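# Sequence and predicted structure are below.
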Amino acid sequence: MKALQKTSPNFGVEFRDVPRPTPKNGEALIEITAAGVCGTDVHIYEWNGGYEFMAPLLPLTLGHEFAGRVVDVAGDAEGLTPGGLVAVIPSTPCGRCAHCLSGAAESCERRTAKGTSADGGFARWTTAPVANCLPAPVGVDDELAALAEPLTVAYEAVLKGGVGHGDRALVIGPGSIGQAIAVYARQAAAADIVVVGKNDALRFDALRALGFDDLIDIGDGDLQTTLAPRFAERKFDVVFEATGAPEVIGPALAFLRKEGVLVVAGIHPRPTAIDLTRLVRERHQIRGTQRAPRNVWPRVIDSLAQDGERFRHMISHRMPLDRGVEALELAQSRRASKIILSPFA
Ligand SMILES: [Zn+2]
Ligand SMILES: [Zn+2]
């Protein structure tokens, strides 16, 4: 089968012919039907910092947001049915380390993740532990099931931010994660949600379709200067950083009220300086978030079943897998919201 792989620690990706994988005991063979292109994939494609840990693992098939049909199961099927659509949890704890054995699998240091440390979903077939395959309920089709992974990331970010009733939330970065953070912040009863972007007309269209209208495009301007007239006196309870741009951290803190929480969700290619004296005086909290624990997945899949047509607005492009490189370029250019690749398109 053809797989879209990272083959060397430099710019680029390539299609390679690789054998169809065989499921080991406890694994399912999945025929992938929809795989989302993520900012992570773009970073790995460009190789501009943050993913150096992958270098010894190459070549490796990218893609960590995917869904597909169960073809075969080795061992106990545990409720999976042949042909059934599943959303796949890409990350698997080792199950053997002290953290895993004590029930703290989220802290596992030997976790593998499809698409970043194991072969992922930009191929026709893949294998995954049966326990990672979550059957899609009625109303959740292939492309919606492929949205589950980024939605769990956003859901977890909103939990980390402790968003509560009546809160004012600022979301910096209108990509898929920022869009879904806005949705789940609204679900958590935030009263006021402002989303900021930078030359982001197309991604703002997705946000409008999701029901948000307090959108600020700073264009080529500077975040601090553009937002100060509006928000210097009316700060936010929670600010979400979903850009991976280190230069937004300073302004993000500037618009946070005393005791407010900054949730950092982006992968940043370099360190940034923070005014710690101001942090102390304002008693700000900075919280990192990444992935989501397993218990978030059923909640997100339930939200997809309830409100799938709303979430579908996040998808701007559907392309065949063999145009994967073009899709990465398109995602990089911000002329796309979520792009779904399909080996069958
Ligand atoms: Zn992703
Ligand atoms: Zn472990």
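Noted; the coordinates are in hand. Ligands and ions are numbered 1, 2, ... in the order given.
# Most proximal residue of the stretch 201-345 of the chain with respect to ligand 1?
Proximity to ligand 1, evaluated over the stretch 201-345 of the chain using CB to the ion, is greatest for residue 291 at 9.3 Å. The C-beta positions use only the backbone N, C-alpha and C, and glycine is treated the same way.
# next one: phi and psi at that residue?
Summarising the backbone geometry of residue 291 under the convention degrees, to the nearest 10, its torsions are phi 50, psi -160.
# what about it, how many neighbours?
When neighbours are defined as other CB atoms under 10 Å, residue 291 has 17 of them.
# The residue nearest to it when sequence neighbours are not counted and residue 230, how far apart?
Closest residue in space to residue 291, ignoring its immediate chain neighbours: residue 91 at 5.9 Å, by CB to CB, 6 or more residues apart in numbering. Distance, residue 91 to residue 230, by CB to CB, to the nearest Å: 38 Å.
# More neighbours: which of the two?
In terms of neighbours (other CB under 10 Å), residue 91 is the more surrounded of residue 91 and residue 230; the figures are 24 against 11.
# How about the backbone phi and psi for the closest residue to residue 53 other than its chain neighbours?
Spatial nearest neighbour of residue 53, chain neighbours left out: residue 117 (7.5 Å); criterion: CB to CB, 6+ apart. Its backbone dihedrals place residue 117 at phi -130, psi 0, with angles given as degrees, to the nearest 10.
# closest point of the stretch 1-150 of the chain to ligand 1, which residue?
Closest approach between the stretch 1-150 of the chain and ligand 1, counting by CB to the ion: residue 38, at 2.9 Å.
# what's the neighbour count on that residue?
If you count neighbours by other CB under 10 Å, residue 38 ends up with 23.
# Pull the contacting residues for it.
By CB atoms under 8 Å, 6 or more residues apart in numbering, the contact set of residue 38 is 64-65, 150, 176, 331.
# And residue 172, by the same measure?
By CB under 8 Å, 6+ apart, the contact list for residue 172 reads 178, 196, 223, 239-243, 248, 252.
# Using the three-state scheme, assign residue 178.
Applying DSSP: H, G, I helix; E, B strand; the rest coil to residue 178 yields a three-state assignment of helix.
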